[in-house]
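In: 3D model of this:
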Amino acid sequence: MKRLAWTLMTAALMALGLGSGCLITDGNGGSGDCCYQYEVCETYCDPYGNCERECWFQESCPSTCETDSQPDDGGFCYSDVDCADGQICVNNACASRDTEERGTAGLCQACETNSDCADENALCVQLRNDAGGAAERVCAAPCGSGASCADGFECVNINGARQCLPQPNSENIRTCADAPNLECVTASDCAQGESCVNNKCEAPDTAECSADSDCAAGEVCDRQECVPETGPECETRSDCATGEVCVDGVCDGGTESCVFNNECSEDGLCVNGTCYSACSSDDECGRLEHCRQGVCRPTECRGTSDCAGDEICVDATCRPACSSDAGTDSCEPGYVCTQHGYCDRDPNVDCRTNAECSRDEVCQEGECRAACTCNQDCAEGTICDTGTNTCVDDGGDTPTSCETSCDCPSGQQCSDAGECVAG
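Out: Numbering: from 1, shown residues only. This is a model prediction of the structure:
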């Protein structure tokens, strides 16, 4: 009877305790913290009035009772996932973001922040994948309210957000390494015209095929049609690994040297002597990449400690730090100091680098202007500076001698005598 009474009292106290969950931790907290980042914790008070926390793996450890699942604006954070919707992590503090950009990662695919996940309600979670504590950061998938999880996954409450996560293995560890292969996570993983339903591609009845297995030997299913297996390795940058670009259907290391944009592949731009894939949003880049200044760049940081001393980490990118109270603009031309203390693009400036202009333009004085390759491309009184591909004032020294007509001002041509004459 005493055991039964004790059990009933404990259950009642747990039901009346703080059941809203504890703050998500990263596993580097104070002594006694048993919860790793993004694992579910339920906070309750034991019969002695101590605050206890129950983790996924049925461990219980002393903690401080928390009632908020996410910090308010300005709250401490390690990454965007620690902040409320519509916020980003800037210098370990949650701040409001102006726009929300979404990535393309699906269930069990790699991510850095919530915005990398294709579903706006999905969380980027960190899972332990071995007994030694190594971790993997992947997208979960929302569940509940009629949405179910795929085989091998279960619906788990993560601080009030129900998400599909891999079922624990025999060692009680959740890892995507043990999860079954998913045919699709979004419609983009399927052939054109197909839909991703319960992680399987569904094609219309009129489709010739929905998978390679539907075709004859030597053929593959391409856009619901069986075609010879001679397709290119890639069609766009997103088909290649991080740091590569798609060049003539082949994933290339992206290290070719260049001076001008037109020396890169069709979807490439020249930045600091290297060709990068052009982009206008994060979803045009590969995994673990962000679209920055018009090109796809690898994710730089998870916290300000990963950046240089004069930079802070903003949404996985190191940005120059600044002070809006300094009296003078401490940011480079084309950038302004935000209220959060980092340099961001000036919305009143068209461009800051050539990468933000089209392939036949260069950025000059904050405007995208037509690039020049010789003096013929420039207006009267200007000549082409081939070092920057921009037209500059000739300073009254109009070219008169020449080797080719390209050396002459616009409207003139090079004579056989090597002189610029009217054309």
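In: Could you list the domains of this protein?
Out: The chain breaks down by automatic domain parsing into domains covering 13-62, 187-228, 237-330, 373-422.
In: I'd like the average pLDDT over the longest one.
Out: Throughout domain 237-330, pLDDT has a mean value of 69.
In: Going forward, the N-terminal residue is numbered 49.
Out: Got it, the first residue is 49 from now on, which makes the last one we talked about domain 285-378.
In: What segments of the stretch 249-398 of the chain are strands?
Out: 267-270, 273-276, 293-295, 298-300, 316-319, 322-325, 337-340, 343-346, 359-362, 365-368, 383-385, 391-393 (DSSP state E, counting those that start in this stretch).
In: Is it possible to get those out as JSON lines so that each row also shows distance to Pro447 and mean neighbour count?
Out: Every residue, glycine included, has its C-beta placed from N, CA and C. Converted to JSON lines, those look like this (distance: least, CB to CB, whole Å; neighbours: other CB atoms under 10 Å):
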{"stretch": "strand 267-270", "distance to Pro447": "55", "mean neighbour count": "18"}
{"stretch": "strand 273-276", "distance to Pro447": "56", "mean neighbour count": "14"}
{"stretch": "strand 293-295", "distance to Pro447": "38", "mean neighbour count": "24"}
{"stretch": "strand 298-300", "distance to Pro447": "39", "mean neighbour count": "16"}
{"stretch": "strand 316-319", "distance to Pro447": "27", "mean neighbour count": "24"}
{"stretch": "strand 322-325", "distance to Pro447": "32", "mean neighbour count": "23"}
{"stretch": "strand 337-340", "distance to Pro447": "40", "mean neighbour count": "22"}
{"stretch": "strand 343-346", "distance to Pro447": "36", "mean neighbour count": "21"}
{"stretch": "strand 359-362", "distance to Pro447": "45", "mean neighbour count": "23"}
{"stretch": "strand 365-368", "distance to Pro447": "41", "mean neighbour count": "19"}
{"stretch": "strand 383-385", "distance to Pro447": "37", "mean neighbour count": "18"}
{"stretch": "strand 391-393", "distance to Pro447": "38", "mean neighbour count": "18"}
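In: Just put those strands in JSON lines and tack on distance to Cys439.
Out: Shown next, in JSON lines, are the strands of the stretch 249-398 of the chain (distance: least, CB to CB, whole Å):
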{"stretch": "strand 267-270", "distance to Cys439": "47"}
{"stretch": "strand 273-276", "distance to Cys439": "48"}
{"stretch": "strand 293-295", "distance to Cys439": "30"}
{"stretch": "strand 298-300", "distance to Cys439": "33"}
{"stretch": "strand 316-319", "distance to Cys439": "19"}
{"stretch": "strand 322-325", "distance to Cys439": "25"}
{"stretch": "strand 337-340", "distance to Cys439": "28"}
{"stretch": "strand 343-346", "distance to Cys439": "25"}
{"stretch": "strand 359-362", "distance to Cys439": "35"}
{"stretch": "strand 365-368", "distance to Cys439": "30"}
{"stretch": "strand 383-385", "distance to Cys439": "25"}
{"stretch": "strand 391-393", "distance to Cys439": "25"}
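In: I'd like to know which of those lies nearest to Ala132.
Out: Ala132 sits nearest to strand 359-362 of all the strands of the stretch 249-398 of the chain, at 16.6 Å, using CB to CB.
In: list the helices and strands that closest one packs on?
Out: strand 135-138, strand 365-368 (3 or more CB pairs under 8 Å, 6 or more residues apart in numbering; DSSP states H and E).
In: Bridged to Ala470, which residues?
Out: Applying DSSP bridges to Ala470 gives these bridge partners: Gln460.
In: Could you check how many residues crowd around it?
Out: Residues lying near Ala470 (other CB atoms under 10 Å) number 7.
In: Glu413 and Arg393, how far apart?
Out: According to CB to CB, to the nearest Å, Glu413 stands 16 Å off from Arg393.
In: One more: Glu277?
Out: 44 Å.
In: Contact partners for Ala356?
Out: For Ala356, the contact set (CB atoms under 8 Å, 6 or more residues apart in numbering) comprises Cys366.
In: Return the set of buried residues in stretch 430-437.
Out: Neighbour counts over stretch 430-437 (16 or more other CB atoms under 10 Å) mark 430-432, 437 as buried.
In: got a list of contacts for it?
Out: 308, 410, 412, 419-423, 425-426, 438-442, 447, 457.
In: Among those, name the ones in helices.
Out: The members of the contacts of stretch 430-437 all map outside helices under DSSP state H.
In: For ChimeraX, write the selection for the buried entries among these.
Out: Here is the ChimeraX command that selects only those of the contacts of stretch 430-437 that count as buried (16+ other CB under 10 Å):
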select :308,410,412,419,420,423,425,426,438,439,442,457
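In: the bottom helix or strand of the protein by mean pLDDT?
Out: strand 108-110 (a mean of 36; mean pLDDT, DSSP states H and E).
In: And the closest residue to Val440 other than its chain neighbours, what's its pLDDT?
Out: In space, and not counting its chain neighbours, Val440 is closest to Asp433: 4.9 Å by CB to CB, 6 or more residues apart in numbering. Here, the pLDDT recorded for Asp433 equals 82.
In: cool, the one 5 residues further on as well?
Out: Thr438 carries a pLDDT value of 80.
In: Stretch 382-396: end-to-end distance?
Out: 8 Å (CA to CA, to the nearest Å).
In: I'm done for today, thanks for sticking with me.
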